[in-house]
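> build the 3D model from these lines:
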Amino acid sequence: MNDYLEIRACKLDLEEITKLVSLPECGAISIFMGTTRDNMNGKLVTRLEYEAYNNMALKEMKKICDQIRNNWPDIRNIAIFHRIGEVKIEESSIIIAISSPHRRDSLEAVNYCINEFKRTVPIWKKEWYADSTYIWKENCECIHNETK
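Next up, the predicted model:
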């Protein structure tokens, strides 16, 4: 049982990440891949830029892995990779891959993982628009919103 956690500036490779979690005894690998879309609230998006507090982000990602293992004891391997820097339209900003003997555990765990990630991990997103304006976006699920 391994946790593969990484924040990187280069493109994310789905095949590489999937291979990390693959095991002969697992009949399921569930994957969430978040990509940059070309629109938001009626505005044309040209790219995203991400920044992270790496050390804290990795600690929070590890906490999520521990929570997943407590809630779904049959989970085998977990990979959470997130990009920083510029992420173009249709490129991946996050890939989560989780393996388990059966699909239910890995599907539920992936859903839990992305929700907790958006809620707790200190990664910030700048959304750039076609008119050369931008806005820093905060996840509505972010725990830091709860104090406002």
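
> which residues in this structure form helices?
For the chain, applying DSSP state H gives helices covering 14-21, 54-71, 103-120.

> and those as CSV, adding mean neighbour count and distance to residue 93?
Just so you know, the C-beta spots here come from the backbone N, C-alpha and C atoms, and that holds for glycine as well. Below are the helices of the chain laid out as CSV (neighbours: other C-beta atoms under 10 Å; distance: least, C-beta to C-beta, whole Å):
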stretch, mean neighbour count, distance to residue 93
helix 14-21, 15, 13
helix 54-71, 16, 13
helix 103-120, 18, 11
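
> residue 3: which of these is closest?
helix 54-71 (4.4 Å; C-beta to C-beta).

> so how far is the closest one from its chain's centroid?
Computed by C-alpha atoms, centre = their mean, to the nearest Å, the chain-centroid distance of helix 54-71 equals 12 Å.

> repeat for stretch 44-63
Centroid displacement of stretch 44-63 relative to its chain, using C-alpha atoms, centre = their mean, is 9 Å.

> could you list every residue that touches the residue nearest the centre of the chain?
Residue closest to the average C-alpha location in the chain (C-alpha atoms, centre = their mean): residue 94, at 3.8 Å. Going by C-beta atoms under 8 Å, 6 or more residues apart in numbering, residue 94 touches 12, 32-34, 80-83, 114, 117.

> that'll do, ta.
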